[in-house]
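**Q** sequence below, structure please.
(chains A and B)
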Amino acid sequence: MTPDYDLAVIGGGPAGVAGALTAALAGLGVVLLDAAPRLGGQYFRRLPGGFRAARPGALHPAPGGSGGLDRFTRQCESLAARADVLTGHRVWAVERDAEAGGTLAVRCMEGDREERPRTITARRLLIATGAHDRPLPFPGWDLPGVLTAGGAQALLKGDLVVAGRRVVVAGTGPFLLPVAAGLAAAGARVLGVHEAAGRFGLAGHPFLAAGKAAEALGYGLRLARHRVPYRGRQAVVEAHGEHELTHVTIADLDRDWRPVGTRTVACDTLATGYGFVPRLDLPVQLGCALRVDQGGHGAGHGDPVVAVDAGMRTSVPGVYAAGETTGVGGAVLAETEGRLAGRSAAADLGRRIPPDPALARRRDRLAAFARVLLETYPVRPGWREWLRDDTLVCRCEEVPLAAVREARELGATDARSVKLLSRAGMGWCQGRMCGYAVSCLAGEDSPPGGSPPAPRRAIAQPVRLGDLARLATDPPAGEPPATPPPSSAGGLAPPASPTPSPEGRP
Amino acid sequence: MEERWDVPDVVVIGAGIVGAACAYYAARAGLDVAVVDRGPVAGGTTGAGEGNILVSDKEPGPELELALLSNRLWRELAASGPEEDDRPAASGGAGGRLPGAGAGGGFEFESKGGLVVAETARAMESLVDLAARQGVEHVTVTPDRLRAYEPHLAGGLAGGVFYPQDAQVQPALAAAKLIRRGAERFGRGALTLRTGVTVTGFVRAGDRVTGVRTDRGDISAGAVVNAAGTWGGEVAALAGTHVPVLPRRGFILVTEPLEEPLIRHKVYTAAYVTAVASDSAGLETSAVVEGTPAGPVLIGASRERAGFDRTVSPAVLGRLAAQAVALFPALAERRAIRAYCGFRPYCPDHLPVIGRDPRAPGLYHACGHEGAGIGLAPATGHLLAQALAGLRPDLDLTPFRPDRFDEEERP
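**A** The predicted model follows:
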């Protein structure tokens, strides 16, 4: 059976859209899937059609002012004319059928309330699923009013909600700047940006060092205009409030992020983030080889990312990866990688693709810059001292630090065994929020240089059992029907055609 | 990295449920025990199971006898402890303790009973026949009474058999707590656990096994127990002996936590009994559905021989879901939030390997329990400890002897 498409692209951010468009321009039949109602991913998350912002580009200050968003919008329009763009499609599994010539099947849920299962097949697959925020736990981080930095920005970009009136931004990494600038521009009073990494002012910011002076200066001017102080080597180590956030404790940190002095600040919103975790559920399902991106953690804790060649090919034939899944590096790098992946897919399917050494050089340069940035903002081990015995590490299952410690005393030595003994990471988010912290607390960051394995998530999105069951009964085109259960004495009737035995009906 | 080791009486290889039970009962018998595992506690098949303690699915014979003994021992273990778990672990409230602490032995033991249901009159006949031959406590359930046991069960079933002795534990907690309890109850130094220690070979004195070589140095011991589960065959091979343990892969689907318990007992279809005993290498699935104290519903069971391949198979997950929804239509609207696979340690005759290995004196085996390791662990540990202590085991271990495969498999 012929696959539905030449190339399926999962993820509608800068990498996915660029990859899909490049491949479509080269003549491939392309489908792009994204869970959100509109393309954009986290970076170019856009306002729903009903909103009328006077200058939507102002919410997307980088890269290069509103030019970045305009360009992305043009790419989306161009793509829509040349490919099938399926928004509102949540992919929960991908699989490769080695016997059917390596056809890739993408299992997803379509629609919102009335969701339906759907399977799409393709010859090639580009995974551009991006990254999500990495929070660190601290007492009170489960209070209403505490958001991830990405969550605060998503609210702002997606719904024009100003996350709160008195906002504290804390964490590490250059992403804090656009978050703070965006909130301030939207009318929030940003009380401060507290960067846990070393005490350099904006002038010494690596943006400048790497020749991105205009961008960093832009943020700096915007923050200065709104009188937002930017403090190095500080962090929010506790959030307070009876029912919702009322104030936070801000600590000065030593080199390893141990608190050395504190003060409290009244606020109603805290946006906090300590970098990003690539979303690897789908590449792990397919068995793509991973590598350790040491950049983020000079202290020795590397992040697993998808290993790719210069053409963004993964170790699994026919599967490509681009953007943050191959190493966190931002929107411009993601777009470049998407284009490289789209070119490779087209070339691998026999299209004539002239070489573009400039594009490859650009990727190398941007990736090198991303590495420098990550090395500048490692998570330091002293954050563990922000926690108390009763601090929740896993919010879904309400697992406190003490239970994680007890699991370790019982013989757990990794995140998985800590989960089995304490339930940390077993809840609704499946460890996407707490996974990094649990992995560190389980000791997976030692010995130095150690790297936790990427978690295995056989189901990347929650799926109703009734929809899963339809996989067994309505096989998609291109697949043989699932055989019914073995007909033994007690074999169950296939569920779609329940044949109640007359003699057995109560 | 070489380390100094004490000289224990027994080294147990494997910190899964079977290794934990062997260590616990050996320590109880007065022996000094060191448990080593290359990974964490419960890191292999134990951590990938449902925690079944079943007497209902066994044909009459040595495995059923083992299961009945084990069922009694699980009840003793759950009832006898654990005081030490009752202390609050943190200043926090209920969230400050491990789940199940202080209840069900500290490892969520639930004597919930198992309900085996039949879809057809013929299946019902064979269930009733099996129950009569087993001689295990049971109640035959007519179709009109099924919903008294399980209010949400689908209509149209031909009846069932209820086994009150079937039970469940949280298997990873059970393994970890048995080891801790052994260490705390039977005297200082009686039982030690060392994780992250990989066995690389055996120390020999002539034929005799006198210890293990590890990546952390040699450990001398009076006896060595191979409780490496699915990897038991590899460990046996290190000693130059042969135990045919192969992986039989299984997937489990887990739902979101349900606010109200939808399912009271362990419920499975008659097909499960057939699938457990089957020799097929191909995929077999049968419905096994149960709630857990923490709220999620666990859905099994699939069996296939696929080596140690962990690649996800959505088609298998689809079949598991279809069968569970056919039994409990209300599950159709619940979401699966995760799925995982594990590798049952399977021997060609579906019986575990328990006892001393005459081909390598000093080496004992306790592995190959297939999908019943949680249920059979205490009896395995108890009997093996008797063998280690030179006592006559309460059950005849002949059917489980490690060298039973030599005649048929090796020319």
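**Q** can you mark which positions in stretch B:115-122 are buried?
**A** Buried residues in stretch B:115-122, counted by 16 or more other Cβ atoms under 10 Å in any protein chain shown: B:115, B:116, B:117, B:118, B:119, B:120. Where you see a C-beta, it was placed from the backbone N, CA and C, and this is true even at glycine.
**Q** surely the third one meets residue B:156?
**A** Spelled out, it's residue B:117. No - look at residue B:117 against residue B:156 with Cβ atoms under 8 Å: they stay out of range, at 10.5 Å.
**Q** which residues of the stretch 1-150 of chain A fall in helices?
**A** Secondary structure of the stretch 1-150 of chain A (DSSP state H, counting those that start in this stretch): helices at A:14-25, A:67-82, A:149-159.
**Q** and the second one with helix A:149-159, angle?
**A** Right, helix A:67-82. The directions of helix A:67-82 and helix A:149-159 differ by 60 degrees, with axes from the mean of the first three to the mean of the last three Cα atoms, to 10 degrees as the criterion.
**Q** output helix A:67-82 as PDB, nothing but the C-alphas.
**A** Written as PDB, here are the backbone C-alpha positions of helix A:67-82 (Å, rounded to 0.1, in the frame of the first residue of the first chain):
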ATOM      1  CA  GLY A  67      10.700  40.700  10.800                       C
ATOM      2  CA  GLY A  68      11.000  37.200  12.400                       C
ATOM      3  CA  LEU A  69       7.300  36.800  12.700                       C
ATOM      4  CA  ASP A  70       6.600  38.300   9.300                       C
ATOM      5  CA  ARG A  71       9.000  35.900   7.700                       C
ATOM      6  CA  PHE A  72       7.500  32.900   9.600                       C
ATOM      7  CA  THR A  73       4.000  34.000   8.600                       C
ATOM      8  CA  ARG A  74       5.000  34.100   5.000                       C
ATOM      9  CA  GLN A  75       6.500  30.600   5.300                       C
ATOM     10  CA  CYS A  76       3.200  29.400   6.800                       C
ATOM     11  CA  GLU A  77       1.200  30.900   3.900                       C
ATOM     12  CA  SER A  78       3.500  29.400   1.400                       C
ATOM     13  CA  LEU A  79       3.400  26.100   3.000                       C
ATOM     14  CA  ALA A  80      -0.400  26.000   3.200                       C
ATOM     15  CA  ALA A  81      -0.500  26.400  -0.600                       C
ATOM     16  CA  ARG A  82       1.800  23.500  -1.100                       C
END
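**Q** what helices and strands are in contact with that helix?
**A** If you count contacts as 3 or more Cβ pairs under 8 Å, 6 or more residues apart in numbering or on different chains; DSSP states H and E, helix A:67-82 packs onto helix A:14-25, strand A:30-33.
**Q** nearest to residue B:188, of those?
**A** In terms of Cβ to Cβ, the element of the helices and strands packed on helix A:67-82 nearest to residue B:188 is helix A:14-25, at 58.1 Å.
**Q** can you name every helix or strand that the closest one contacts?
**A** Judged by 3+ Cβ pairs under 8 Å, 6+ apart, helix A:14-25 is in contact with strand A:5-10, strand A:30-33, helix A:67-82, strand A:116-127, helix A:331-348.
**Q** circling back: from the helices of the stretch 1-150 of chain A, which stretch is densest packed?
**A** Ranked by mean neighbour count, the helices of the stretch 1-150 of chain A are led by helix A:14-25 with a mean of 30 (mean count of other Cβ atoms under 10 Å in any protein chain shown).
**Q** pick out the residue of the stretch 201-350 of chain B closest to chain A.
**A** residue B:270 (2.5 Å; Cβ to the nearest Cβ).
**Q** pLDDT below threshold where in chain A?
**A** Applying pLDDT under 70 to chain A flags residues A:45-67, A:157-164, A:199-217, A:294-301, A:446-452, A:473-506.
**Q** flag every buried residue along the helix or strand where residue B:276 lies.
**A** In this assignment (DSSP states H and E), residue B:276 forms part of helix B:270-277. Judged by neighbour count using 16+ other Cβ under 10 Å, the buried positions of helix B:270-277 are B:270, B:271, B:272, B:273, B:274, B:275, B:276.
**Q** immediately after that helix, which helix or strand?
**A** Once the chain leaves helix B:270-277, the next helix or strand it forms, by DSSP H and E, is strand B:284-291.
**Q** angle of the next helix or strand after that next one against helix B:270-277?
**A** Per DSSP H and E, the first helix or strand lying C-terminal to strand B:284-291 is strand B:297-303. Computed with the same axes, to 10 degrees, the direction of strand B:297-303 lies at 50 degrees from that of helix B:270-277.
**Q** can you get me a residue count around residue B:47?
**A** 24 (other Cβ atoms under 10 Å in any protein chain shown).
**Q** pLDDT at it, what is it?
**A** You'll see residue B:47 listed with a pLDDT of 94.
**Q** kindly report the same for residue B:162.
**A** pLDDT, residue B:162: 97.
**Q** count of neighbours near the closest residue to residue B:259 other than its chain neighbours?
**A** When the adjacent residues along the chain are set aside, residue B:259 lies closest to residue B:295, with 7.4 Å between them (Cβ to Cβ, 6 or more residues apart in numbering or on different chains). Other residues within reach of residue B:295, judged by other Cβ under 10 Å, total 15.
**Q** for residue B:287, see how far away the residue of the stretch 201-350 of chain B closest to chain A is.
**A** From residue B:270 across to residue B:287, the span is 10 Å (Cβ to Cβ, to the nearest Å).
**Q** ok, now residue A:361?
**A** The separation that residue A:361 has from residue B:287, given Cβ to Cβ, amounts to 57 Å.
**Q** and what of residue B:157?
**A** Computed as Cβ to Cβ, the residue B:157 to residue B:287 distance reads 12 Å.
**Q** now residue A:109
**A** Per Cβ to Cβ, residue A:109 is found 23 Å from residue B:287.
**Q** which one's more surrounded, those two?
**A** More crowded of residue A:109 and residue B:287, by other Cβ under 10 Å: residue B:287, with 27 against 20.
**Q** which ones are touching that one?
**A** Contacts for residue B:287 (Cβ atoms under 8 Å, 6 or more residues apart in numbering or on different chains) come out as A:492, B:267-269, B:271-272, B:299-301, B:320, B:323-324, B:326-327.
**Q** dump those residues to CSV, plus distance to residue B:368.
**A** Output for the contacts of residue B:287, formatted as CSV (distance: Cβ to Cβ, whole Å):
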residue, distance to residue B:368
A:492, 29
B:267, 27
B:268, 23
B:269, 26
B:271, 24
B:272, 20
B:299, 26
B:300, 20
B:301, 18
B:320, 25
B:323, 27
B:324, 29
B:326, 32
B:327, 30
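**Q** for residue A:398, state which of the residues you listed is nearest.
**A** residue B:299 (24.5 Å).
**Q** who does that closest one bridge with?
**A** residue B:253, residue B:289 (DSSP bridges).
**Q** surely it touches residue B:250?
**A** No - using Cβ under 8 Å, residue B:299 is not in contact with residue B:250, being 11.4 Å away.
**Q** burial count for residue A:420?
**A** Look at residue A:420: counted by other Cβ under 10 Å, it has 28 neighbours.
**Q** swap that for residue B:187, sorry
**A** Count around residue B:187 with other Cβ under 10 Å applied: 12.
**Q** and the gap between it and chain A?
**A** Residue B:187 sits 19 Å away from chain A, going by Cβ to the nearest Cβ, to the nearest Å.
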